[in-house]
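> I would like the atomic coordinates for the input below:
(2 chains)
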Amino acid sequence: MMGNKLLWIKIFLIILIQSSLLLAMIANRQTILSSDTIVILETRPIDPRSLFRGDYVRLNYEINELQLDKLSGDQSFKRNDTIYVVLQKQNLYWQAKAVFLEKPGSQNIHQVFILGVVRSVSNSKWDVNLKSHIETVSIDVSYGIENYFVPEGEGLKLERPKPGDKVTLEIALDDNGHAAIKSLLLNGVKQYEEALFPRP
Amino acid sequence: MNNKQFYKKLQEKLPHWKMQGWLDDVSAQSILNDAYSDANNSSSKSHKISLILGIMGVMLLAVGVISFIAANWQGMSKIMKLSLLFSSMTAAYLASVWALSEQKYPALGQAFLLLGVLLFGNNIMLIAQIYHIDSHYPNAILLWAAGALITALIMKSEVVLITSILLSVLWSGMEIFDFSRIHWQWLLFCSVCSVLTIRQGFHLAAHIMIVSFFVWLLFSFYSFARYTSVGYLVQTYLLSGVLIFMLAEMMRNRQYIRYFTELLSRYALIFSAVFLYVLSFPELDFDASFYSGYIADELYPQLNVVIIQLMLMGLFLVSSIRHFMANEKSQPIKWLSVLWSLFLVLCLLWNLFFYQEQQNIPVIIINVLLFLLVIGLIYSGLVEHKRFYVNLAFGLFTVTLLTRYFDTFWDLMDRSLFFIVGGLLLIIGGYWLEKKRRQLNRQSVSDMHQSIPFTGDHDGQ
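All right, here's what the predicted structure looks like:
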């Protein structure tokens, strides 16, 4: 009888620990999603070769590739560096303004920034107009919002938008720059919205 | 020898032992009865079958649950999805309580625990999907492995511990290959798993834990290769393998870790033999000058590689002298073994500092050392009754011989003649080697029986 009681306690403990880990994951995302800081990011035309795998869309944002000579802040980065990209609203969409290795301090309290990880550093770039490589340092950055899971079969309109269609994402940012996708918009119209309790 | 074979052997031998007066009738019958009950003990076998069937059932159930969720995923609200995920995992764990209480169905209980762990992993992936989480995906596997390890620790479950070890290797593999990192963090995970394996005396988990360790070392080769030449790395790996072997040999007298250290010494010996074999190739690249610019701003400059190797060589020399002086009974063998270690270190030093000058000398010496190692292993195998040493020696000898045949005659002989001679050599050589190996194994077993007739499974290798 005693043995059974101990068994119950052990299993309860396992359920408690594992559920807590899962709830922590959910709470973390819900906290970011409930943030008041919302930015809208533009996506580039998506590469059709690597775009739609299974039922998720690979998103390629304008801010994934940062050309350092066009930005202020730090200028030297390595692969796997954690960076903070300061965003500024220009017309409707938010774009990168500066990039730092350290979290922007309190003097920049009004700045909106997003946390990213450097995937690669490149010293040259292919210029489409000149049709040659130009010397410029750029970094490829991942923000953890590059995948978007969609119901099966509905990825095509996002995968290959019609000419003139624009896919944008509403991104919620917490105080430390962690990002979460809040909603996906096609030509400014919300297609999917991420909420725990759907609005009536 | 399994229990049934042992029982049959006893049936043959006992009358002779009784005639010799070594045993009386009662003792002989008691021994025979004991061996009979072991040979016909079906409970352990049926437990294993139940466990295997249970695990297969759990796999099917897990696939079924995941398919059901996937099929109805779009029709569910987010809160419904999350409730389903949590309740399925909880149900699996509660089912394990039912099966494990009063040891009703222990094998099924283990299978349900495994199902709970699999559903925990499934839930991590599905929550990541619900929230489009894309940041550093190996963390999801780490979380899964950690959850499994917690379950293994609390429930002392070998099946779940094995799952956790395998997941941790997957996690480390992702970090190493996808993010080009030297992933030391895995060693912490490995230590916790090893402690649990030793404390609980899990045999299968011990095998998997030690193999995982060497697989992780091989994975890490990819990361280290960014900082130095392959030749230097092979040398470092060889020295590390031999040192692990000696450390395991030193610790094998401690009863509570004996099984673990025995396995560790065996796998470390295989690991070392493989890297000594790799070192016997003349084409190995020791030129690290190419890397010096690349690693200028990295943590592991070339100087560190040299210092690490020198330290390992020093350690190897000291420990091998200590090992051979303490263990070898015959004086000539003792000194020959020390000389072998000394020559190996000299070769490694040559490669480290004078590689550019004369490349063939160290390669020839390494090949001779490899051949001497084969002889040494056969000798130790016979003297210490370790069949594993004899088998490893024959395996190493065959592979080296074949390689040298290909190296030497590929360019010299006509292709058809090359394959015909090679084929004939393989057939005849294989037959001869297998015959000799069996003969030596039989001799080893019979020597053991003559010298220590009533000790435990000394051979067992």
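
> in chain A, which helix has the most residues?
Counting by DSSP state H, the longest helix found in chain A is helix A:2-33.

> Just the mean pLDDT for it, thanks.
Averaged over helix A:2-33, pLDDT sits at 89.

> burial of residue B:191, as a residue count?
Neighbours of residue B:191 under the rule other CB atoms under 10 Å in any protein chain shown: 10. For the C-beta atoms, the positions are set from N, CA and C on the backbone; glycine is no exception.

> which element is it on?
For residue B:191, the element it lies in under DSSP states H and E is helix B:185-200.

> average pLDDT across that helix?
Rounded mean pLDDT across helix B:185-200 is 94.

> Stretch B:393-413 now?
80.

> So what touches it?
The contact list for stretch B:393-413 (CB atoms under 8 Å, 6 or more residues apart in numbering or on different chains) reads B:273, B:277, B:280-281, B:367, B:370-371, B:373-375, B:377-378, B:381, B:418, B:421-422, B:425-426, B:429-430, B:433, B:436-437.

> How about the contacts made by the residue of chain A found nearest chain B?
Nearest residue of chain A to chain B: residue A:144, at 2.8 Å (CB to the nearest CB). Shown in contact with residue A:144 (CB under 8 Å, 6+ apart): A:116, A:117, A:178, A:179, B:133, B:134, B:135, B:136.

> where does it land in three-state SS?
Taking DSSP: H, G, I helix; E, B strand; the rest coil as the rule, one finds residue A:144 in the coil state.

> next one: residue A:170
Residue A:170 - assigned by three-state DSSP - is strand.

> Pick out the residue of the stretch 101-250 of chain B closest to chain A.
Taking CB to the nearest CB, the stretch 101-250 of chain B has residue B:135 as its residue nearest chain A, at 2.8 Å.

> and the closest residue to that residue other than its chain neighbours, backbone torsions?
Closest residue to residue B:135 apart from its sequence neighbours, by CB to CB, 6 or more residues apart in numbering or on different chains: residue A:144 at 2.8 Å. In terms of degrees, to the nearest 10, the main-chain angles of residue A:144 are phi 80, psi 20.

> Same question for residue A:66.
Per degrees, to the nearest 10, the backbone of residue A:66 is at phi -110, psi 120.

> Bridged to it, which residues?
residue A:139 (DSSP bridges).

> That one reaches residue A:86, doesn't it?
No: Residue A:66 lies out of contact with residue A:86 (CB atoms under 8 Å); the separation is 11.0 Å.

> tell me the contacts of the residue nearest in space to the middle of chain A?
For chain A, residue A:145 is the residue whose C-alpha lies nearest the centre (CA atoms, centre = their mean; 2.6 Å). Counting by CB under 8 Å, 6+ apart, residue A:145 touches A:59, A:61, A:169, A:171, A:179, A:180, A:181, B:132, B:134.

> of these, closest to residue B:268?
For these, the minimum distance to residue B:268 (CB to CB) is 39.6 Å, reached by residue B:134.

> hang on, the earlier thing: nearest to residue B:98 among the contacts of residue A:145?
Using CB to CB, residue B:132 comes nearest to residue B:98 of the contacts of residue A:145, at 37.1 Å.

> burial measure for the closest one, as a count.
Look at residue B:132: counted by other CB under 10 Å, it has 23 neighbours.

> Please name the nearest non-neighbouring residue to it.
Once flanking residues are discounted, residue B:132 sits nearest to residue A:181: 4.8 Å by CB to CB, 6+ apart.

> What separation is there between the one you found and residue A:142?
Distance of residue A:181 to residue A:142, given as CB to CB, to the nearest Å: 14 Å.

> which of these two has more neighbours?
Each of residue A:181 and residue A:142 has its neighbours counted (other CB under 10 Å); residue A:181 has more, 27 against 16.

> For the one helix or strand the more buried one maps to, what is the distance to the chain centroid?
Here residue A:181 sits within strand A:179-186, counting by DSSP H and E. Between the centre of strand A:179-186 and the centre of its chain there are 9 Å (CA atoms, centre = their mean, to the nearest Å).

> Tell me, what's the model's pLDDT at residue B:347?
86.

> So which residues of chain A form helices?
Going by DSSP H, chain A shows helices at A:2-33, A:156-159.

> Let me have the ones you listed in JSON lines, adding distance to chain B as columns.
As requested, the helices of chain A are exported to JSON lines (distance: least, CB to the nearest CB, whole Å):
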{"stretch": "helix A:2-33", "distance to chain B": "4"}
{"stretch": "helix A:156-159", "distance to chain B": "13"}
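
> Format those helices as a markdown table; extra columns: distance to residue B:33 and mean neighbour count.
Below are these laid out as a markdown table (distance: least, CB to CB, whole Å; neighbours: other CB atoms under 10 Å in any protein chain shown):
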| stretch | distance to residue B:33 | mean neighbour count |
| --- | --- | --- |
| helix A:2-33 | 33 | 16 |
| helix A:156-159 | 74 | 16 |
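
> out of these, nearest to residue B:48?
helix A:2-33 (22.5 Å).

> Does the longest strand belonging to chain A reach chain B?
Ranked by residue count and defined by DSSP state E, the top strand of chain A is strand A:112-127. Yes: for strand A:112-127 and chain B, the contact criterion (CB under 8 Å from any CB of the partner chain) is met by residue A:117.

> Packing partners of that strand?
Strand A:112-127 sits against strand A:37-42, strand A:82-90, strand A:132-142, strand A:167-173, with contacts defined as 3 or more CB pairs under 8 Å, 6 or more residues apart in numbering or on different chains; DSSP states H and E.

> re earlier: of the contacts of residue A:145, closest to residue B:23?
residue B:134 (71.9 Å).

> Looks to me like that closest one is in a strand.
No: under three-state DSSP, residue B:134 sits outside any strand and is assigned coil.

> Identify the residues contacting it.
Counting by CB under 8 Å, 6+ apart, residue B:134 touches A:142, A:144, A:145, A:146, A:147, B:128.
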